[in-house]
Structure formats: structure tokens, C-alpha cells
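Visitor: got a predicted structure plus its sequence, pasted below:
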Amino acid sequence: MDAKTAAAIERLKQNKGLAEQIMRSDDGKKLMSMLTQSDGGAALNRAAASAANGNTAELSQILQSMLKDPKAAAVMSRLNDTAKK
């Protein structure tokens, strides 16, 4: 995981209200749709469980693959900007 992603995750961990706000936003909903469209969220659930146990490699891989899609990258960029505020 790159430092920028790790910093954003840390901000969200320390501010649960921000995480909830982001997930309720239009971009948050778009991101969740993108993350779950191929398999109903199975891969995301596995990655989240691994990340909760300290292994962020699978989650990082999912996010990195999404950055290759310009639409997904734009959504993630906007969400990252929101998390910085």
C-alpha cells in the first residue's frame, strides 16, 4: 500500500463520522458499486477481513486495480480529497 492510501485509511480509522459521511455520499455509493459489481462483494469482504487482521495486501491490490479505470480513479480521488478535509 502506498503512503497516500495508508494515510487516508488512518484518517478514516480515527474519524468514524467521516467514514460514514463518505460512504453515504454519492461518490461513496459509486465506489461501493464498483467494488462489488463483479462478484457481489465477495472479494471485498475477504480483503476487508484480511485488512482487519493486519494484512492489507489484498485490499491494496483491489484498490490499485481500480485506479487503472479512469472513472474509478476519479471517484477515489474525490473521496481522498474529502477525507483530507
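Guide: That came through, no problem.

Visitor: the residue nearest to residue 57 when sequence neighbours are not counted and residue 59, how far apart?
Guide: Nearest residue to residue 57, sequence neighbours excluded (CB to CB, 6 or more residues apart in numbering): residue 50, at 7.4 Å. C-betas here are computed from N, CA, C, even on glycine. Residue 50 sits at a distance of 7 Å from residue 59 (criterion: CB to CB, to the nearest Å).

Visitor: hmm, back to that, now do whichever helix or strand the residue nearest to residue 57 is part of, average pLDDT.
Guide: Here residue 50, judged by DSSP states H and E, is contained in helix 42-52. Helix 42-52 shows a mean pLDDT of 90.

Visitor: residues making contact with it?
Guide: With CB atoms under 8 Å, 6 or more residues apart in numbering as the contact definition, helix 42-52 has outside contacts at 35, 36, 56, 57, 58, 59, 61, 62.

Visitor: same deal with stretch 73-84?
Guide: Contact partners of stretch 73-84, identified using CB under 8 Å, 6+ apart, comprise 4, 8, 11-12, 18, 21-22, 25, 27-28, 30-31, 34, 63, 66-67.

Visitor: check those residues and tell me the two furthest apart.
Guide: 21 and 67 (22.5 Å; CB to CB).
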